[in-house]
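> My questions are about this predicted structure, shown below with the sequence.
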Amino acid sequence: MQIANRGLRKKERILTTFLVPHSALLILVGCVYSFKGGSVPPHLKTIAIPIVEDQSGYGDPALREQFSTQLVQRFLNDNTLEMADRGSADSILEGVITDVKDAPSVVQAGEQVATRRITVTVHMTFQDLKLRKKVWERDFSSWGDYPSGGGLTQRNEGIQEAVRKLTEDILNETVAGW
């Protein structure tokens, strides 16, 4: 019986000297992780998103409108920040389309281009107008593929895919990148 009790006590000591401190460490690490990617500070309730500029030289006048509309729609659907005009907003998200590249993506035998990739790059700035400070400023880039011989309609689908990915990334950076 004493031998069995000694075995139990030894196991209890191992548990208290090893598992308890390590469990506490795991809990702390878990807490640190959970605080990353928080939400927008409570003093920011509204956002203004003016139409983005297009300095890419791409030549599609509809691109800036398409990008701006989809970005606003993303924020409306997310409902974290209410849309407001520049004069009354707590924050502002401004952007410039800086580059649009259309290049071969998949080349088949005989050097036939099967798929093209359109890549859109934007420079975005998010500012806290209440505290009068820049929260972040960065470039975002994303792409969409389309069939090579598909024409303008399918190229536009590639652009739409790139814009969809970009606006999703920008929304995530804005509302969860704290």
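Great, that's in hand. Numbers count the residues shown, from 1 in each chain.
> in what helix or strand does Arg69 lie?
One thing to correct before we go on: residue 69 is Thr, not Arg. Using DSSP states H and E, Thr69 sits within helix 62-78.
> Now tell me which helix or strand of this structure has the poorest mean pLDDT.
Lowest on mean pLDDT, DSSP states H and E among the helices and strands of the chain sits helix 20-35, with a mean of 42.
> in this protein, which helix has the most residues?
The residue-count maximum for a helix in the chain (DSSP state H) belongs to helix 151-176.
> Gln66 reaches Gln160, doesn't it?
Yes. The criterion here is Cβ atoms under 8 Å, and Gln66 meets it with Gln160 at 7.4 Å. Placement of C-beta: from N, CA and C, glycine included.
> contacting residues for Val107?
113-114 (Cβ atoms under 8 Å, 6 or more residues apart in numbering).
> show me where pLDDT drops low in this protein?
1-38 (pLDDT under 70).
> how does it divide up, domain by domain?
The record's domain parsing of the chain by automatic domain parsing lists 1-36, 46-176.
> Give me whichever of those domains is most buried.
domain 46-176 (a mean of 16; mean count of other Cβ atoms under 10 Å).
> what sits against the residue nearest to Arg164 when sequence neighbours are not counted?
Counting by Cβ to Cβ, 6 or more residues apart in numbering, Arg164 lies nearest to Gln70, which is 6.8 Å off, once chain neighbours are set aside. Contact analysis of Gln70 by Cβ under 8 Å, 6+ apart lists 163-164, 167.
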